[in-house]
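# attaching a predicted model along with its sequence, questions to come.
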Amino acid sequence: MASNRTLVEAVREALSEELARDDSVVVYGQDVAVDGGVFRATQGLAETYPERVYDAPVAESGIVGLGVGLAAVGLRPVPEIQFSGFAFQAFHQIQQHVARLHSRTRGTLSCPMTLRTPYGGGIRALEHHSESYEAGYAHIPGLKVVIPSGPADAKGLLASAIRDPDPVLFLEPMRIYRAFREEVPEGDHLVPIGEARVVDPGEDVTVVAWGAMLREARRAAGAVDASVELIDARSISPLDTETITDSVRKTGRCVVVHEAPRSGGMGAEVAARIGEEAFFYLEAPVERVAGYDVPYPLFAREEAYLPDRERILAGIERAIET
Amino acid sequence: MPRETVAEFTVDHVQVLDREGTVDTDLEPDLGEERLEELYRLMKLARRFEERAIALQRRGEIGTYAPAIGQEAAQIGSASALAAEDWMTTSFRESAAYLARGTPIDRLLCYAMGMEEGAEVPEGSRSMPPSIAVGSQALHGVGIGWGQAMLGEEGASLVYFGDGATSEGDVYEALNLAGVYDARTVFFCQNNQYAISVPREEQSRAETLAQKAIAAGIEGIQVDGNDVLGVYAVTRAALARAREGRPTLVEAITYRRSMHTTADDPSVYREPEEERDWEAYDPIDRFETYLRERGVLDDELIAAIEERVEADLEEGIERAMDERDSVDPAEMFDYAYADLPPWVERQREAFEEGPGGASGDGTSAGGHGE
Ligand SMILES: Cc1ncc(C[n+]2csc(CCOP(=O)(O)OP(=O)(O)O)c2C)c(N)n1
C-alpha cells in the first residue's frame, strides 16, 4: 500500500509512526506543538502525543543541549531547529557534545538524536533562512548527515534516522516540501542511511546531486544529448563512495551538483574520493556545479546564485566535451 | 543551620499616560507641542507603513514581512529618545524605530524586496542593519556601548529584541557582559506577548522579563509599551544612565496586533477575544485622545498629517520599485570580501558569461585563485 504524499507530509507521517512505535521518542522545538511547526511538519502530533511533543523557547543551543541530557537518560530526542541557518546557534552543542558523547564515554552513553531542520534555498526567504552548509556538519565525525530529495525517501530515511544509534542531522529541503507528490509506502518503511540511490542509469557521465538540486539535475540530464547516470547521494555523511565510484568507473566522467558554496563544499569531497578510488578511469576532471563563494544573497539575487538547469547542463556538457 | 535573606530585588512598572489617556504629570517628559506632534506623525507613518507593507507582500511585491502593528509606541517612543550620536541595533520587526531615526522609507522597502542595498548603512547613520537571527544582535549592542566608553565618545547604545529572544543564550551573555564592562547599553525588550506562536508565559517562568537584568547586576524596569510618553521617559533616563556606564534592561509590555509575519496565521494560537481586548489599548488611539485634550491635535491637523503620511509612503514605494528594476545580480560577488579575491573574480566573470561560458563556474579552468 502506498499513498500520494508531499515531502512535508511524509516527514509528518514518519514522526507520527515513530512516536507510535517507540515510547522513548520525544519531539520538541520552536512552535512545533500548538502551531504544528512553521512548515506544519509536526501538525497534529501534540494532540495525539501531548506527553511527548513540546513547544520550546527560542533557544537553539538549549534545544540541542537538552537533547543530550534526554538521550543520556534513555530517551530518543527528535528536536526541530526552525531553519538550518539557526543550527549555528547550537553548533557548539552539536560538535562538542552531540557528536562526541559516544566516543567520550567509550560507548557507555550515546546520543541517538535526530535533529530535523528545514534547509536550502529557493523559497524567497529572509536572511539566514536559505543556506546549505551541509559540508560543515559532514566534517564532524560522529554525526550523520542525511538529505532526502523526495517524499518516499524522506519518510524512509527519517524513520531510519530516528532508530539509528548515532546522532543524525536530518536536513529537509524547504523548496520541495510541497513542490510535488510521490507514492510513499504506508507503515514501516526504512531507507538505509549511507546508501546512495541510482535514480537513472546511464553510460556517458555520472551526475551526483542531493536535496532540491536533484530535480534540477534531472531536468538538465533530460536535456543533454548523452546517457546520464544520475545518483542521489541522500546521505552526505556517511557518503556512499562505492556507488559513486562504481558509476564513474563505468562512465569516466562526473559532475557534482550542490547549492552550497563551491569552495570546501561536499563536491570537493566527492571529487577527492573519485581521485583516490577511480583516478585511472577518469576521462575528464570532476566538474562541480555549485553555489558561488559569496554569502547567500537576499532573494532579489537568489536565482542568480542557485544552480539551475542551464548551469548544470553546461557543467555536464563541459564534462563530456573534455 | 542559619539561613537569612542576603539579597532582595524589586522591579518597577512605569506608566505615564494611562489607558484612558490621562497623564501623570510627575512623570510626564518635557516635550514641546512640536515634538508631541512629531511623535504622533511618526506613529501614524509607522502604522500605515506596516499596513502598506502587508498589502505589498500580498501582491508579491515584497518578501515575507514582520509587521509591528500595535508596537508603534514602544518603537517610536524609544527610538525618539536617541540622540544623533547614539547607536541603534535592531531585530527584524523595527521598521517603526528606523522611521523614527529618519531612515528613508525606500531603504526599508528595498530590504523587504530582497535587495542588499536596503541594508547599506547611510553615511553618518548610527543604525545597524536588522539582525534576522533572534537575539544575536544583543551582543553587538553591548560591543558598541563598551566601545563607545573606550573611545570616550558621547553616545550610548540601544538594542532591540523581543520576548522570545530573552531565552537565547546570546541575550543572557549580552546582559552579563554589559554589566561586566560598564557598557553604555540599554536593552529594549518589546514584550509583544508572543514569539511566533509561543506565548510569553511559556517562554519563561520568570514573572517579569525585566528581572533577567538582576542576575547580571544591571537595572531592570518595566514600562507600559503602549504608552509612548512612558516609553520615551524610561528610555531617555536609561540612556542617561548608560552614558555613565550603567546599563539597563527595559521591558516594554505591548502587543503585536498583526500576524508574526506575513507567512503566519495567528488564529492557530490565539483567541479573537484577546485581540479585541488589546485593540482597546491601541497606542495611537490613546495618544491621540491625550493630544486632542491637550489641544495639540484637532481634526484638521490630523487630516493634514495623514495626507503627508500617504504622500511620503507613495513616494517611498515608487522609489523602491524603481530601484528594484535596476538590480544587478552580479553585485552579489562584490561585497563578499573587502577586495574581490581572484577566485571570486573568476566566478563573477563566469557568471557574467553565462552557463555556456568556457570557464564554467569560474574555477575549473584556470585553477583556484592562484
Ligand atoms: C536564532 C533564531 N532562531 C529562530 C528564528 C526564527 N524566528 C523568527 S522570529 C522568532 C520568534 C521571535 O520572537 P520574539 O523574540 O518575541 O520577537 P517578535 O517576533 O515577537 O518580535 C523565531 C523563533 C530566528 N529568526 N532566529
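Structure's in. What do you need?

# please, which helix or strand holds A:Glu172?
A:Glu172 is part of strand A:168-173, with elements assigned from DSSP states H and E.

# tell me the mean pLDDT for that strand?
Mean pLDDT, strand A:168-173: 98.

# and that strand, how far from the chain's centre?
Centroid displacement of strand A:168-173 relative to its chain, using CA atoms, centre = their mean, to the nearest Å, is 4 Å.

# for it, packing partners?
Secondary-structure packing of strand A:168-173 (3 or more CB pairs under 8 Å, 6 or more residues apart in numbering or on different chains; DSSP states H and E): helix A:7-21, strand A:114-119, strand A:144-146, helix A:151-163. C-beta: built from backbone N, CA, C; applies to glycine.

# wait, which of the ones you listed is closest to chain B?
strand A:114-119 (12.4 Å; CB to the nearest CB).

# list the residues that contact A:Gly36.
A:Gly36 sits next to A:42-46, B:268 when contact means CB atoms under 8 Å, 6 or more residues apart in numbering or on different chains.

# nearest to A:Ala33 among those?
Among the contacts of A:Gly36, A:Ala46 lies closest to A:Ala33 (CB to CB), at 3.9 Å.

# so the helix or strand where the closest one lies, near chain B or not?
Using DSSP H and E, A:Ala46 sits within helix A:45-48. No: Helix A:45-48 lies out of reach of chain B by CB under 8 Å from any CB of the partner chain, never closer than 11.3 Å.

# next SSE downstream of that helix?
Downstream of helix A:45-48 (by DSSP H and E), the next one is strand A:53-55.

# circling back to that earlier point, among the helices and strands packed on strand A:168-173, which comes closest to the ligand?
strand A:114-119 (10.5 Å; CB to the nearest ligand atom).

# can you pull the contacts of residue 228?
Let's take chain A. Residues near A:Val228 by CB under 8 Å, 6+ apart: A:200, A:202, A:204-207, A:221, A:316.

# oops, I was thinking of chain B
By CB under 8 Å, 6+ apart, the residues touching B:Val228 are B:17, B:39, B:43, B:72-73, B:76-77, B:283, B:287.

# now intersect the residues you listed with the strands, please.
Judged by DSSP state E, strands contain none of these.

# tell me the one of the residues you listed nearest chain A?
B:Glu72 (22.2 Å).

# I figured the closest one hits B:Ala46, correct?
Yes: using CB atoms under 8 Å, B:Glu72 makes contact with B:Ala46 at a distance of 4.8 Å.

# between these two, who's got more neighbours?
B:Glu72 (32 against 29; other CB atoms under 10 Å in any protein chain shown).

# burial count for the closest residue to that one other than its chain neighbours?
Counting by CB to CB, 6 or more residues apart in numbering or on different chains, B:Met43 is the residue found nearest to B:Glu72 once chain neighbours are left out, at 4.2 Å. For B:Met43, the neighbour count with other CB under 10 Å is 25.

# how far away is B:Met43 from B:Met259?
Distance, B:Met43 to B:Met259, by CB to CB, to the nearest Å: 20 Å.

# which pair in the contacts of A:Gly36 spans the largest distance?
Greatest spatial distance among those (CB to CB): A:Leu45 and B:Val268, at 14.2 Å.

# and these two? Which one has more around it.
A:Leu45 (20 against 13).

# correct me if wrong: that one contacts A:Val27.
Yes: contact criterion CB under 8 Å: A:Leu45 and A:Val27 qualify, at 6.0 Å.

# list residues touching both of these two?
A:15, A:19, A:53.

# most surrounded residue in these?
Neighbour tally across those (other CB under 10 Å): the maximum, 28 neighbours, falls on A:Leu15.

# and it, what does it touch?
A:27, A:41-42, A:45, A:78, A:158.

# what does chain A put close to the ligand?
For chain A, the contact set with the ligand under CB under 6 Å from any ligand atom comprises A:30, A:58, A:60, A:82, A:86, A:89.

# which ones among those come in contact with chain B?
A:30, A:58, A:60, A:86, A:89.

# ok now do B:Asp312, which residues does it touch?
Contact analysis of B:Asp312 by CB under 8 Å, 6+ apart lists B:45, B:105.

# just B:Leu291 next, same as before
Counted by CB under 8 Å, 6+ apart, B:Leu291 has contacts B:36-37, B:40, B:297.

# if we use 7 Å, what do you get?
Shown in contact with B:Leu291 (CB atoms under 7 Å, 6 or more residues apart in numbering or on different chains): B:36, B:40, B:297.

# where along chain A do the strands fall?
Using DSSP E, strands in chain A cover A:2-5, A:25-29, A:53-55, A:76-80, A:114-119, A:144-146, A:168-173, A:182-185, A:197-200, A:205-209, A:228-232, A:235-237, A:254-261, A:287-291.

# quick one, which of the ones you listed is packed in tightest?
By mean neighbour count, with neighbours taken as mean count of other CB atoms under 10 Å in any protein chain shown, strand A:205-209 ranks first of the strands of chain A at a mean of 30.

# quick one, that one and strand A:287-291 angle?
On the basis of axes from the mean of the first three to the mean of the last three CA atoms, to 10 degrees, strand A:205-209 is oriented at 30 degrees to strand A:287-291.

# in the chain, which ranges drop under the pLDDT threshold?
In the absence of a named chain, chain A is used. By pLDDT under 70, chain A has no low-scoring segment.

# hmm, no, I was thinking of chain B.
Using pLDDT under 70, chain B drops low at B:358-370.

# how about the helices and strands packed on strand A:168-173, which one is nearest B:Glu4?
strand A:114-119 (45.8 Å).

# neighbours of A:Pro148, how many?
28.

# before we move on, back to that, closest one of the residues of chain A next to the ligand to chain B?
A:Val58 (3.9 Å).

# for the closest one, grab the count of nearby residues.
26.

# dump the residue contacts of the residue lying closest to it once chain neighbours are set aside.
Spatial nearest neighbour of A:Val58, chain neighbours left out: B:Gly164 (3.9 Å); criterion: CB to CB, 6+ apart. Contacts of B:Gly164 were listed using CB under 7 Å, 6+ apart, and they are A:57-58, B:134, B:195, B:198, B:203.
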